[in-house]
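# Need a 3D model of the following:
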Amino acid sequence: MLKWIEIDLQTLAGNARSIKKALKPGVAFMAVVKADGYGHGAAAVARTALKNGADCLGVLTAEEGTALRADFPRAGIHLLAPSLPEEARTIIKHRLIPCADSHSFLLALERAAKKPVAYDIDVDLGLRRWGVAPADAPAFLLRALLLKKARPRGICTHLAYRPPQNIIEAEEKLSAFSKLAGELRSAAPGLKACAANSAILCDFPRWQLDMVRIGNLLYGIYPTDVYKKRKQGPPLPGLGRPWRFYARIISIKCVRKGEALGYASEFVAHRPMRLATIPAGYSDGLTMEPTEPQIRITTGFNYWGLIGGKKAFFAGKAGIAHTLLDVTDIPEARPGVPVALHVRRTAANARIPRLYI
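Below is the predicted model of the structure:
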């Protein structure tokens, strides 16, 4: 096998347990498995998360939820983006829990339902993607309560929080959202509130509310470093990265100093170099950005792979299905040796084999 992705399910399970341990009693844990489980495989991640503390699953669309339902007949599957009215029948058929920000969708849900069906009201706190404006939420809920079968289960939101740039603003919005949830409960007792994603859980643990929706932390990624500025350890210690992308070296070439290579002689060797070729490029998810804006002799590179923990820098741009690496100072590099590559997981080519270990 020339290229593959390894996914360590034991590491993923440990991450799920750490998240569950960080929650207050009674707070539900939604494992977010949208975008094919952030590239890890939605079904494999969902199964592992549910066995290790997750209470329900979160995906973006009805299409994603429908694909999961066959494997998880009893799991709660939430949709994190609003659906179109024409999707109401599919949502009901597969027992998905949608979020809503329009009465046209709620009416479609009401018409399609034969018995009560739950949904969440999404509130827009500034991202401006979707959601009901906070000031409009009470009236939206009162109108929604006139329906008999479509019944509100909770309210949810996703903050436009980028740590540490707007910490004070985020705190104010979380407080206002919690107050809004309390007001809405006067009309709909038992309404659940959810505002915390991974970054909120780390930086504002007191705002766990009734449920948290966790993606990044589940996959071993800390989306914030505010804890470092507070001179503290990570809020959820011991998380690991379960995802690794590898490609084997298929060729080794030696080039002279000053030798031009690549398409249009785009790269010039700044010293005698030993170059390795791997059969992975931007079609696999490696960067399409050039390492240099123009042809020139240089000693700097932006991207690299790892061979036995040593950095092998890209030599020129990644091609569609191949990349050259500088292995001059890595004598152990030879054909057949695997190279660990930094690839955005959701951009990794779906045709690359996933090996679960």
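
# Of all residues in the protein, which one is nearest the centre?
Tyr38 (4.5 Å; CA atoms, centre = their mean).

# where does that residue land on pLDDT?
Tyr38 carries a pLDDT score of 95 in this model.

# again with Thr287
77.

# And for the one 5 residues further on?
In this prediction, Glu292 carries a pLDDT score of 45.

# For Thr346, see how far away the residue nearest to the centre of the chain is.
6 Å (CB to CB, to the nearest Å). Where C-beta positions appear, they are placed from N, C-alpha and C, glycine not excepted.

# Next, the buried residues of stretch 306-318.
In terms of neighbour count (16 or more other CB atoms under 10 Å), stretch 306-318 has its buried residues at Leu306, Ile307, Ala312, Phe313, Phe314, Ala315, Gly316, Lys317, Ala318.

# Using PDB, write out every CA atom in stretch 42-51.
What follows is stretch 42-51, C-alpha atoms only, in PDB (Å, rounded to 0.1, in the frame of the first residue of the first chain):
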ATOM      1  CA  ALA A  42     -18.500   8.900  10.700                       C
ATOM      2  CA  ALA A  43     -19.700   5.400  11.600                       C
ATOM      3  CA  ALA A  44     -16.500   4.400  13.200                       C
ATOM      4  CA  VAL A  45     -16.200   7.600  15.300                       C
ATOM      5  CA  ALA A  46     -19.900   7.400  16.300                       C
ATOM      6  CA  ARG A  47     -19.600   3.800  17.400                       C
ATOM      7  CA  THR A  48     -16.500   4.600  19.500                       C
ATOM      8  CA  ALA A  49     -17.900   7.800  21.000                       C
ATOM      9  CA  LEU A  50     -21.200   6.200  22.000                       C
ATOM     10  CA  LYS A  51     -19.400   3.400  23.700                       C
END
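
# Now do it: everything it contacts.
Contacts with stretch 42-51, where a contact means CB atoms under 8 Å, 6 or more residues apart in numbering, come from 7, 9, 12-13, 16, 31, 33-34, 36-38, 54, 57, 59, 64, 67-68, 71-72, 75, 218, 354, 356.

# Can you give the distance of that stretch from its chain's centre?
The chain centroid and the centroid of stretch 42-51 are separated by 14 Å, computed with CA atoms, centre = their mean, to the nearest Å.

# and if you look at stretch 243-263?
31 Å.

# after the host helix or strand of Ala43 comes which helix or strand?
If you go by DSSP states H and E, Ala43 is part of helix 42-51. As assigned by DSSP H and E, the chain's next helix or strand after helix 42-51 is strand 56-59.

# what about the stretch 251-357 of the chain, any weak spots by pLDDT?
Filtered on pLDDT under 70, the stretch 251-357 of the chain yields the residue ranges 288-301.

# can we see that at 50?
290-301 (pLDDT under 50).

# Quick one: the strands in it, in order.
251-255, 260-261, 267-268, 273-278, 304-307, 310-313, 323-326, 338-341, 354-356 (DSSP state E, counting those that start in this stretch).
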